[in-house]
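# after the sequence you'll find the predicted model.
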Amino acid sequence: VIGDWSSDVCSSDLRGVASTGTMAPEEVPKYPDPVKICCLGAGYVGGPTMSVISKMCPDIKVTVCDLNERRIAAWNSANLPIYEPGLQEVVEEARGRNLFFSTDIDAAIRECTIIFVSVNTPTKKTGIGAGEAADLTYWELAARRIAHVCNTTGDGSPKIIVEKSTVPVKTADAMASVMAASCTTTNFQVLSNPEFLAEGTAMDDLFKPDRVLVGGAETPAGHAAVQCLANVYRRWVPTAQVLTTNLWSAELSKLTANAFLAQRISSINSISALCEVTGANVNEVAHAIGVDTRIGSKFLKASVGFGGSCFQKDILNLVYLCRSFGLPEVAEYWNQVIVMNDWQKTRFAQNMVSSMFNTVSGKKIAILGFAFKKDTGDTRETPAIDVCNKLLEENAVLSVFDPKVTREQMYLDLGKEKMDKMQIEDDPYLCCAGAHAIAVMTEWDVFKKLDLQKIYDAMQKPAFIFDGRDVIDHETARKIGFEVWAVGKSSFNAGAK
C-alpha cells in the first residue's frame, strides 16, 4: 500500500546513477500524437497543472490520480479540495471531456505515455538528514508502482516519467535507477519539469508562464522525450519561453529560484527591524531600491515572514546538499535565510507581548488570517502557526478568522489541545469583539475594507493593532484611537503612514 500522494511538494536527498532508460543510447522511441497524460498526485501542483493542460489541449486525455479517495471525490464535485482563483471554472470546463480524476492508478499508468510524478516528499523527521533532507518514501513507491504496472500489464510502449515536484540535483538518477532495476519490458526516459507556481496566482502562472523548463538526458532518446513534453506546452506557451536543459540544470534551477526569492524576503525583513529602531519606513526603503532595474521591486514586501510549501523545504534541502558535497560555507549562507525568517516570526510575537505591558495572559487576541498568503487556503509553514503557538505559550486567548482556511485544517496545524483554547469565527467582527489586540497575519483584501471604527468600539481599551502584512490604513486607525504597530515602521509613531 502506497501512502497519500496528494501534497505535491518539495525535495529529496536520494541520488542514483542512471539517467536514461533501458534502451540502447541510439534507440529513439516513437511517441503517439496526441499523447495521453496522467499525474500521480492530486494536490496543489498536480491538480491545477493538469487542469490547464486539459483546457489548452482538448485533444489530449489527462487523468489525475491519487490514493486519497476523499480528495478524488472532491475533485469530481462542486467543492474542489483546494482553493485557487479561476481553478473551479477551468476544471468544470474540461472535467468529463478530457480531464478525469481517478483512484485507478494502474489503469492510468498503463494507458498513458507521459506520467507526471507530483507526490508528497515531506522533510525527514528522523535519521540521516533529519530536519533538512526530504523523505522519499512516496516518491520511490511511485517509481516502483510505475515499474510494476509496466512489467505486469504494460504493452511495452515507451514511457516518459516527469519529475514535477521540486527535487534536488541527481534525483532523476535515482528514479531512473529504480526504474532500470525494476522495469525490464519498457523503454523509458526520466525528465525534470519543475513547477514555478505561486499559490494565489497559480492559474495565471500556468496560462502565462515566465518560462517552462524541461530537462532531460543528453542523448538522442533523451532529446526526443524532452521535445515530446515541450511540444505539449508549446500549444499555448511561446516557443522562446519553453526552455530545454540537461536534467541537473533543471533540477537545480528550481531549488535556486526558490532560494533566491526567499532570500529577498528575509533580506527586506532584516532591514525592517533596522527601520523600526531608526525611524525609517521599510516601504520607502523598498521602493527606493526596487526602482533600481538591477534589483527590481518584486519580493521586497516586508512582513511577519514567508511560508508555503516550498521555500523553507527547498532551502533546507539546498543546505543539506551543500553539506553533503562538502560545501559548509555555502550551506551556512543559505541556512541564514531560514534563521532570519524564524527570527522575524518570533520577533513579531515578542513585540506583541512587550507592547501590551509585557503580558497577554488571559487577554483575547484576534488573529486575522491563517493562510500563509491571500487567495489560498494553504497553511503549510504559515507564520500564523508560529505566532499563535507563542501567544498560547503566554496564555493568551485567541480568536481566529480566515475566509478560506477550514476549522479542520487549523486542528491539524495546531492540535486539539491548543484548539480547545481557541475560538474559530466565521465573521471578522465577531473575531475582534472584546479583543485587546488584533494581529493581521494574512494580506486578505477583505481586511483592507473593514470598518475600523466598528471594530474599535467593540474592543477592550487600549486597543492594539499589530499589522504583519501592511494592509490596514494605519493613519485612519490611529485617528480612531488604535495603538498601531507595523512591520518596518517606528513603533506606535503617530507620524508613520
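Looks like it came in fine.

# residue contacts, the nearest residue to residue 97 once chain neighbours are set aside?
Sequence neighbours aside, residue 58 is the residue nearest to residue 97 in space, at 6.8 Å (criterion: CB to CB, 6 or more residues apart in numbering). Bear in mind the C-beta positions are built from the backbone N, C-alpha and C, glycine included. Contact partners of residue 58, counting by CB atoms under 8 Å, 6 or more residues apart in numbering, are 94, 97-98.

# gap between residue 58 and residue 99?
Distance of residue 58 to residue 99, computed by CB to CB, to the nearest Å: 9 Å.

# and residue 299, by the same measure?
33 Å.

# strands along the stretch 151-300 of the chain, start to end?
In the stretch 151-300 of the chain, the strands defined using DSSP state E, counting those that start in this stretch lie at 159-163, 188-192, 212-216, 242-246.

# what angle sits between the first one and strand 212-216?
Relative orientation of strand 159-163 versus strand 212-216 (axes from the mean of the first three to the mean of the last three CA atoms, to 10 degrees): 120 degrees.

# list the neighbouring strands of strand 159-163 plus their orientation.
strand 114-117 (parallel), strand 188-192 (parallel) (DSSP bridges).

# now do the SS call for residue 38.
Put simply, residue 38 is strand when judged by DSSP: H, G, I helix; E, B strand; the rest coil.

# residues near it, how many?
25 (other CB atoms under 10 Å).

# if we can go back for a sec, among the strands paired with strand 159-163, which gets the worst mean confidence?
Lowest mean pLDDT of the strands paired with strand 159-163: strand 188-192, a mean of 93.

# C-alpha coordinates for the helix or strand residue 71 falls within, PDB please?
Element membership of residue 71, judged by DSSP states H and E, is helix 69-75. Included here for helix 69-75 are C-alpha records, laid out as PDB according to Å, rounded to 0.1, in the frame of the first residue of the first chain:
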ATOM      1  CA  GLU A  69     -10.400   8.700  -2.200                       C
ATOM      2  CA  ARG A  70     -11.900  11.700  -0.500                       C
ATOM      3  CA  ARG A  71      -9.600  14.000  -2.400                       C
ATOM      4  CA  ILE A  72     -10.500  12.500  -5.700                       C
ATOM      5  CA  ALA A  73     -14.200  12.700  -4.800                       C
ATOM      6  CA  ALA A  74     -13.700  16.400  -4.100                       C
ATOM      7  CA  TRP A  75     -12.100  17.000  -7.400                       C
END
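
# average pLDDT across the following helix or strand past it?
Next helix or strand after helix 69-75 toward the C-terminus (DSSP H and E): helix 87-94. The pLDDT scores in helix 87-94 average 97.

# show me what helix 87-94 is packed against.
When contacts are defined as 3 or more CB pairs under 8 Å, 6 or more residues apart in numbering; DSSP states H and E, helix 87-94 packs onto helix 46-56, helix 202-207.

# and the strands in the stretch 301-450 of the chain?
Here the stretch 301-450 of the chain has its strands, by DSSP E, counting those that start in this stretch, at 364-368, 397-401, 422-424, 437-440.

# can I get these in CSV including distance to residue 351, mean neighbour count and mean pLDDT?
As requested, the strands of the stretch 301-450 of the chain are exported to CSV (distance: least, CB to CB, whole Å; neighbours: other CB atoms under 10 Å; pLDDT from 0 to 100):
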stretch, distance to residue 351, mean neighbour count, mean pLDDT
strand 364-368, 13, 26, 98
strand 397-401, 17, 22, 97
strand 422-424, 21, 17, 94
strand 437-440, 10, 27, 98
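
# residue 150 contacts residue 159, doesn't it?
Yes. Proximity of residue 150 to residue 159 meets the contact threshold set by CB atoms under 8 Å, at 6.6 Å.

# report the set of residues contacting both of these two.
186, 188.

# which of those two has more neighbours?
Ranked by neighbour count (other CB under 10 Å), residue 150 and residue 159 place residue 159 first, with 27 against 24.

# burial measure for the closest residue to that one other than its chain neighbours, as a count.
Excluding its sequence neighbours, the residue lying closest to residue 159 (CB to CB, 6+ apart) is residue 188, at 4.4 Å. The number of residues packed near residue 188 is 24, by other CB under 10 Å.

# now the one 10 residues further on
For residue 198, the tally of surrounding residues (other CB under 10 Å) stands at 15.

# test my guess that it contacts residue 210.
No. Contact criterion CB under 8 Å: residue 198 and residue 210 do not qualify, at 10.8 Å.

# roughly how far is the worst-scoring helix or strand of the chain on mean pLDDT from the heart of the chain?
Using mean pLDDT, DSSP states H and E, helix 171-182 stands out as the lowest-scoring helix or strand of the chain, at a mean of 77. Centre-to-centre, helix 171-182 and its host chain are 26 Å apart (CA atoms, centre = their mean, to the nearest Å).

# ok and it relative to strand 159-163, angle-wise?
Calculated by the same axes, to 10 degrees, helix 171-182 forms an angle of 140 degrees with strand 159-163.

# and the biggest helix by length in the chain, how far out from the chain middle?
Determined from DSSP state H, the single longest helix within the chain is helix 247-278. Centre-to-centre, helix 247-278 and its host chain are 15 Å apart (CA atoms, centre = their mean).

# what's that helix packed up against?
Here helix 247-278 touches helix 171-182, strand 188-192, strand 212-216, helix 282-290, helix 311-324, helix 328-355, going by 3+ CB pairs under 8 Å, 6+ apart.

# now the residue most central in space within the chain. Its backbone dihedrals?
With distances taken as CA atoms, centre = their mean, residue 309 lies nearest the centre of the chain, 3.4 Å away. Dihedral pair for residue 309: phi -80, psi -20, per degrees, to the nearest 10.

# was I right about it contacting residue 378?
Yes. Applying CB under 8 Å, one finds residue 309 in contact with residue 378, separated by 6.8 Å.

# need the residues touching each of the two.
With CB under 8 Å, 6+ apart, residue 309 and residue 378 have common neighbours 44, 199.

# quick one on the thing from earlier: take the helices and strands packed on helix 247-278 and write them to TSV, including distance to residue 444.
Compiled in TSV, the helices and strands packed on helix 247-278 are given as follows (distance: least, CB to CB, whole Å):
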stretch	distance to residue 444
helix 171-182	36
strand 188-192	35
strand 212-216	30
helix 282-290	19
helix 311-324	20
helix 328-355	18
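
# nearest to residue 469, of the ones you listed?
Evaluated with CB to CB, the helices and strands packed on helix 247-278 place helix 328-355 nearest to residue 469, the distance being 10.7 Å.

# report how many residues lie close to residue 351.
Residue 351 has 16 nearby residues by other CB under 10 Å.

# mind checking pLDDT for it?
pLDDT, residue 351: 96.

# same deal with residue 129?
pLDDT for residue 129: 76.

# same check, this time on residue 361
pLDDT at residue 361 comes out at 97.

# which one's more surrounded, residue 299 and residue 99?
Set residue 299 next to residue 99 and count neighbours by other CB under 10 Å: residue 99 wins out with 25 against 16.

# tell me which residues touch residue 116, please.
Residue 116 neighbours (CB under 8 Å, 6+ apart): 37-41, 46, 49-50, 162, 164, 193.

# excluding its backbone neighbours, what's nearest it?
residue 39 (4.0 Å).

# tell me, how many residues neighbour the one you found?
Neighbours of residue 39 (other CB under 10 Å): 30.

# measure it to residue 54 for me?
Taken as CB to CB, the span from residue 39 to residue 54 is 11 Å.
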